[in-house]
Structure formats: C-alpha cells, structure tokens
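Chemist: Output the structure for:
(2 chains)
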Amino acid sequence: MKRIITLTVRDRSGVLNRVTGLLQRRQFNIASISVGPTETEGVSKMTLVVEVEDEQRLEQVTKQLNKQIDVLKVSDITDKAIVVRELALIKVSSSAQLRSEINGIIDPFRALIIDVSKDSLAVQITGRPDKIDALIELLRPYGIKEIARTGLTAFQRGHQPQVNDIPSYTLLK
Amino acid sequence: MKVEAKLEFQPSTEPKIGADLLINLLIKEGVDTIFGYPGGAVLPIYDGIYRAKGRINHILFRHEQGMIHAAEGYARITGKPGVVIATSGPGATNLVTGITDAMMDSLPLVIFTGQVARSVIGTDAFQEADVMAITTPITKHNYQVQDITDLPRIVKEAFHIASTGRPGPVLVDVPKDISASILDSDVPEDACIDLPGYQPTLKPNPLQIRKLADTLEKASRPVILSGAGVLHAHASDELTAFAEKHQLPVVNTLLGLGTFPADSPLSLGMGGMHGTYAANMALYECDLLINFGARFDDRLTGNLKHFAPNAKVAHIDIDPAEIGKNVPTQIPIVADAKEALKELLSQTNASPEHGSWLEKLTNYKQEYPLWYKLDPSGMSPQWLIEAIHKATKGEAIVATDVGQHQMWAAQYYTFNRPHRWITSGGLGTMGFGFPAAIGAQVASPESTVVAIVGDAGFQMTLQELSVIYEQNLPVKIFIVNNGALGMVRQWQELLHGNRISESILGSQPNFVKLAESYGIRGQRIDTQEDLIASLPELIAYDGPLLVDCRVMQQEKVFPMMAPGKGLHELIGVKPI
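Modeler: Numbers count the residues shown, from 1 in each chain, chains lettered A, B, ... in the order given. Okay, the predicted model is just below:
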C-alpha cells in the first residue's frame, strides 16, 4: 500500500541522504519525495510517498525515521483529512491547428499553457496525483514529449473530523 | 644562533589551535584514554595530544581495526564511550568494521576522524574519503565540523548521543584546517546541547507496567529473556530481584550473559542457535515471554514461525523501533530496563502459580545438559574452557572472537555477574576478541583478562601484540587452535554435504615464536595433562601471555539449531 509520510527535519547537510539511505537500507520503496523549507527557519519538511507491504512494515519505517537525530517529527497522514498537491509540467506535440483543441481538454483541469513553440506546447497542472494522471492520459494521443513532476506535498487540513467521519477511501491508489 | 633561539622559544609562543580545544573538550568529558593512530589529516590533533601529555593517555595501536575493537572492549567494561582517533581516508575506512560492530551491539563510541582541509573536500584529494556518507548507515549519528565555534557543541552532543538512550557509535569528522586553525581567544569551551529531535524515553508507561504485572500474575508458563539492554541500564540487580521475587526462569541472550547469575537455579543459560535445550524449550513452550533489552535477533529466535508460538510477548526496550520489529508484541514498553524493573518490583501483584512449569524446566536441565566428549589423547575445546573457568574462579573478564570457540566460551565460561563478557554478537566480527581484551585490560587494570580466540580470527588482528608488550598489559591470550575455520567447517560438514571448502588453514605461524618475537611469553599446550600442570601458573603470570592450545579439529558445537529451523528442532541435544 502507498502511504504519505511527512517529516519535519533539521535543515542540516546530509539530512536527505540520511532519510533516503535509511529507506533504501531497510528496503522501503520511495514512490516520490519532495523537500522544502517551512515556516520555521532551519526546519525543512519532507513529504514521502512510500510503498509498504503491511502495517508492521509501516510502523517500522516510521520508527526508524524517528530514530534519526535530525528528524524532528514523523507523521503518517494518509488517513487524516489532508490537502495534497503535486505540480506537473507536460510538453505535448502540437501544431497550431491543434492548440485550441488541447486548450479545450486542459481547461476543465484548470491547467495552464505556459510555453508555446512551433510544434509543441507546455502545460502546467497542479492537483492531486490522480487528476494529473487523468490529464496525462487525455494528452497522450497528441504525443507527449516530456513530463516533469514534483512529487506530492501535503499537510493536514485546519479542521480534523472526528474519527467516525473519516471516509474510508484513500487519496492514493 | 638566531634559528636556535627561535626553536627554544617556540613552544611557549605557539598559539592555541583547534586541536587544543578538542583535547580540552575530551578531558572535560572525562576521557582518560584515547585509542588512536596518527596520520596526515590528524597531525594538528596529535600536536594537541603532544601538548596534553600527562593530562590524557593515548595508546598507539598498530591497525585502526585493532584500536576500535579495543575501544569497544573498553566501552563494554566501563559503560563509558570509547574514544578513537584516526586519520582521513584509509584511517577512517579501516574503522568501518569496528563502527558497524559497535552499531550492531549498541556500544558507545566517539570516533574522531581527520578529513582533508575544507578547501579541497570533494576534489579527490590525497587520503580523502567520503567518511560522512560511508558512516551514515553505521553510526547512531555523525558530524562534520564546518566551523571551529561549533566544536564544543558537537563534542558535547557526540558524547551525549553515544552514551544515552540505546548507546551507539558517533563519528566526528574534523577537517585538517579546522583542527589546525588558530583560535581566537573568544571561542567559548562551553556549549549547550541542541538536540530537539533526540529525547530517549526512560520511564515506562505505568499502564503498560500494570498490564504486564496483571498478565504475569495469571501466567502459567512465564519466562524472562534478558539481553544486553540490561547491561547498558546496569539493571542486573533489579532483574535478579524481579526473577527471584516471582520465581521466574531466565534465558540469557549471547550478549546478555552475566546479567543474571548462571549459578541460580532459575537460570536456564543461553538461548538460541547454540543455546541449551532448557532455554530454547522454555522460549518455545512459554505462555508469557518477558523480554528485557534483547532485540529478538535471528540467531536467538530461529524460524519466527516457531518462536514462542503460544506466548503473549512483553518487550521492554529503550529503542521503540526494536519493539514489534521481528516478533509481534502484545505488551510493548518503551523504557530503560532499570526504570521498568523498578516499577515492576513496586507492583503488588501476586506471583503466578507455575510450580509445574518450573519443575518441567528443571527436568529439561537435568535431562538435557550441555555435553561433550573428552579427547583421550589431546584436548577437547569445551574442557579447555571449563579449565580456564576453574582456574580463574569464573571471575575473569573474557573476550572472545567469533566462531566455535566463542560458542563454547558462551556455553562453558558461565558468569555470575555482569560486565565480564565481551563478544561480537550482531556483526560476528572475526579479529574482534584480542584487541577487545586489550581495551578491557586498559579499562580494568586489576582484573584478569582472558582473550579466548580462534587460530584464524587471531591472525586478523594479531599485530596488536605490540601494544600489550609496549603497555605491559597482562592480557592472557588462549588460542583455541583447531587449524580450521571451525564454524565454517562445521556448517560445511553438517549442512553442505561435507564439502570442506577452503576452511582448513594449510599453514600457520609458530604462535609461540610469534609471541616471543613481539617480546611476549608464549607457550604451546597439546594435552589436558599439560594444561592441568601449567594453567595455575599461566593465569597467575604477571604479564602478557599467549597460550597456543591444540584441540580436536573435528569437534562441533552442540546443541545446534540449523538455519530455518525452530527452537524445538535442536540437533545434538544428547551425546551422539
């Protein structure tokens, strides 16, 4: 199963290596990872999507991450009420004639065309990973030249529903 | 004339450098001994050591692997971090085995490695190695000093991290320009620890303690498993009191030997691959397993499917990641073993009613004791260990290497008190035993220290014979010499169709002459009679000593739980 794990870490040299090295050594697969500064100086946040087999392995990965001296906090937020976003840039083959057709496709996704050349255009989309996947599938027939995705980032919503309100579906497949 | 005058004048005007600050910080941490080896990138640090003569003791080893194992032996005996200094590049990479060994066996070490100057880091400079990347997975934490003003904090944190919580090795990489930097007078030596992400839990959750006490009261087949966590917590007395209060049988792990007196009627001895029948059957048949500070290593548990299949498991460990890692745990207790045992002792619950269980285990002990056959013409290795045990009255500090002799020492050199037993458990490092014994002798000069080693492992670190000669450390080395990689040979015989592949040592040095060439007394012993005649004098000998004991090559360690088998599937429990 895929799980979203957020880490707050001290912004020290080598901390990314400590986290990814640990996951590799203990045989956890990283589906995506994103890192950036937080509201507190000297503290960064990592959002990991990891593939784990079961609850016991999940517990083990969070405990091992917690043991790292530079890791301040580890949370598995998969089952919480969360906001999840990823950004993707997609370069699609496109002649001038096709431009408006593609525009019609990306419009409902609230995606933007951010670059145009003679035979291609670049689309920027922000959203949940499944939304990005859906747009990529729609654009694929036109010929995708290049994709760059940031990996997802997430945090908990300001209001957490009571335990019994939590929907049983997950944002990740 | 002018030059001479300058030379005379030099020492008093030499400014204080980063290295002097480092040595001062070590002295402030209570460091009495440095296990070290100089080299280019630590030359400034060795200037500092030179100037600190008389304030701190430095022991020069002959190989970095030897000195780090010595630091491990020192840490095992004192409980204090062993301090190691090595140079950059090869100096640091030669430490890797020892660092990993300390990580696996939770030994506190603080290691200082030299590094090339900051201006050339990353340029593949002479003797540069990426020590931070190499040691990240094998240390509890590591640092590279980027600014001399950080050094006081880093040293303080390094000692704190190494020695608290679950102990482990911490490495500090010191670029040469940092240790050589001339100090401004305003670099403060005091610093505060700044570790918001590191707060080990010491006190147990009282609800979990109550749950364990209530479960124990109702148990009919309880057993205690006592591991090295009890050693680190200095909780042997509490463990013994708890076991005696409720008459609970105790199994020791390999590293936990000595945490519970072996001569107690409640002691079942060591569990695991070469554990006693009684210990392993207790783990197999119990209905409540209380684990204090052991990590359910695979050499203890065997096939997890057959490990304590009908038991509720309570696990007390200071490292939360160990709980539930290998064995599902119904009563997890994150705590220091001593704190948890104190709480358990203060509970008012009645003792369980488990008389028939104790009777059964006593029967197992009587019915299936450890056994071996005497060698009529030569010497059987188990007998040798028993003889050493007798001659040292069971009071020696014993350090072993890895292999058959290690298991025989674990089985037959029984300990009644803690901090006497030094062995490489998790990593199983050949070459560990002899240098570890040196560190133990440094830590405890008055104790009889015996290194029980194999003929193969000894040859991996024997260069340290120079150290025991030079420092006149009266370490007694007993080589259990079977002319083979005994444990490899045993596995090949039993598990690999008797294909004895590359496990017999075709030639060996003359160990007696080897010792003598290092200035150390050597003696060869071929038979039991020889040993009986000379052992008391050998043990009493006041100086370093090497005894080359020739034992049967074919002898095997029994009982044995073959890999993939369960605790109840021991072979060789009865004389063959």
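Chemist: so which helix or strand takes in whichever residue of chain A sits closest to chain B?
Modeler: Nearest residue of chain A to chain B (C-beta to the nearest C-beta) works out as A:Lys63 at 3.8 Å. Heads up, the C-betas are built off the backbone N, CA and C, glycines and all. Element membership for A:Lys63 (DSSP states H and E) is helix A:55-67.
Chemist: what sits up against that helix?
Modeler: With contact meaning C-beta atoms under 8 Å, 6 or more residues apart in numbering or on different chains, helix A:55-67 is reached by A:1, A:3, A:5, A:7, A:19, A:22-23, A:26, A:28, A:50, A:52, A:71, A:74, A:76, B:319-321, B:324-325, B:328.
Chemist: B:Gln554 is in contact with B:Leu494, correct?
Modeler: No: under the criterion of C-beta atoms under 8 Å, B:Leu494 makes no contact with B:Gln554, lying 11.7 Å away.
Chemist: Tell me the residues of chain A that contact chain B?
Modeler: A:9-10, A:13-14, A:17-18, A:21-22, A:25, A:56, A:59-60, A:63-64, A:66-72 (C-beta under 8 Å from any C-beta of the partner chain).
Chemist: Got a PyMOL select line for the buried ones in the residues you listed?
Modeler: Restricted to buried positions by 16 or more other C-beta atoms under 10 Å in any protein chain shown, the PyMOL selection for the residues of chain A next to chain B reads:
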select buried, chain A and resi 9+10+18+22+59+60+63+64+67+68+69+70+71+72
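Chemist: Sketch out the low-pLDDT regions of chain A for me.
Modeler: A:163-173 (pLDDT under 70).
Chemist: domains for it, by residue range?
Modeler: A:2-76, A:83-153 (automatic domain parsing).
Chemist: hey, which of the ones you listed is tucked in deepest?
Modeler: Highest mean neighbour count among the domains of chain A (mean count of other C-beta atoms under 10 Å in any protein chain shown): domain A:2-76, with a mean of 17.
Chemist: Ends of that one, what's the gap?
Modeler: 11 Å (C-alpha to C-alpha, to the nearest Å).
Chemist: just stretch B:343-361 next, same as before
Modeler: 28 Å.
Chemist: list the buried ones in that stretch?
Modeler: Neighbour counts over stretch B:343-361 (16+ other C-beta under 10 Å) mark B:343-344, B:347, B:352, B:354, B:357-358, B:360-361 as buried.
Chemist: pLDDT of that stretch, averaged?
Modeler: Average pLDDT, stretch B:343-361: 97.
Chemist: Next: stretch B:423-441.
Modeler: 98.
Chemist: on that earlier part again, among the buried residues of stretch B:343-361, which ones are in helices?
Modeler: Among the buried residues of stretch B:343-361, the ones falling in helices (DSSP state H) are B:343-344, B:357-358, B:360-361.
Chemist: farthest-separated two in the residues you listed?
Modeler: Spanning the widest gap among these are B:Glu343 and B:Lys360, at 29.6 Å by C-beta to C-beta.
Chemist: how about the residues of chain B that lie near chain A?
Modeler: For chain B, the residues in contact with chain A (C-beta under 8 Å from any C-beta) are B:132-133, B:136-137, B:140-141, B:144, B:146, B:161, B:195-198, B:319-321, B:324-325, B:328.
Chemist: let's go with 6 Å and repeat that
Modeler: Listed as neighbours of chain A in chain B under the rule C-beta under 6 Å from any C-beta of the partner chain: B:132, B:136-137, B:141, B:196-198, B:320-321, B:325.
Chemist: so what's the closest residue to B:Phe260 other than its chain neighbours bridging to?
Modeler: Excluding the flanking residues, the one nearest B:Phe260 by C-beta to C-beta, 6 or more residues apart in numbering or on different chains is B:Val250, at 4.5 Å. Note on B:Val250: beta-bridge partners by DSSP bridges are B:Ile224, B:Ser267.
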